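Undergrad: Fold the following and give me the result.
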Amino acid sequence: MVLQIWRSLLVGAIAAITILVLLGVAARYILNAPLLWTDESSRILLVVMMFIGIAELFRLQNGHVAINVLAKRLGARGAAAMRVVKAVIVITTLAVMIFGGLVLANPDRPSVSAALGIPMWMIYSVIPASGVLSIIFLLIRMLHRNSGEQEKE
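TA: So this is what the prediction gives:
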């Protein structure tokens, strides 16, 4: 259920961006009256969609591109050690992203978007949310991988 909602949000954002850009172009070149809010709203949707996509890639089994030549040469123990090192690096990077996102998403900051007047902390809140979801999905994937390896032994 949650995954269906998740995917529907991504598809809806793509459709909304397409409609907003077409509306903005039509208003600018056909009506000769540009709509400033279409540019800003499509830009906000693109950024939100990008951060949701980051978490979605962590949810997928093989979402991110990986070069595993070294892992194959190191053997089973070396590959397992590399997975742990890789996970620590990724989780550290995501923790920095969460911290930075929390600083930006501070509701006490008075800034609002130029055309829509949306408080920027609402837009920036997708950054720490994406980081937290990414870490959760990564840990779930690691737990499933480890339980699968223990069953094989």
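
Undergrad: CA only for contacts and neighbour counts going forward, please
TA: OK.

Undergrad: Provide a list of residue ranges in this protein with pLDDT below threshold.
TA: 1-3, 61-65, 148-153 (pLDDT under 70).

Undergrad: And the strands in it?
TA: Taking DSSP state E as the criterion, the chain contains no strands.

Undergrad: report the longest helix in the chain, please.
TA: helix 69-104 (DSSP state H).

Undergrad: contacting residues for I118?
TA: If a contact means CA atoms under 8 Å, 6 or more residues apart in numbering, then I118 has V112 as its contacts.

Undergrad: how close does it sit to G53?
TA: 22 Å (CA to CA, to the nearest Å).

Undergrad: repeat for K72
TA: Relative to G53, K72 is positioned 28 Å away (CA to CA).

Undergrad: Looking at these two, which one has more neighbours?
TA: For K72 versus G53, the count of surrounding residues by other CA atoms under 10 Å is larger for G53: 17 against 11.

Undergrad: And for that one, nearest residue in space, chain neighbours not counted?
TA: In space, G53 comes closest to L10 once its chain neighbours are excluded; the distance is 7.9 Å by CA to CA, 6 or more residues apart in numbering.

Undergrad: hang on, the one you found packs against M50?
TA: No. Under the contact definition of CA atoms under 8 Å, L10 does not touch M50, with a separation of 9.3 Å.
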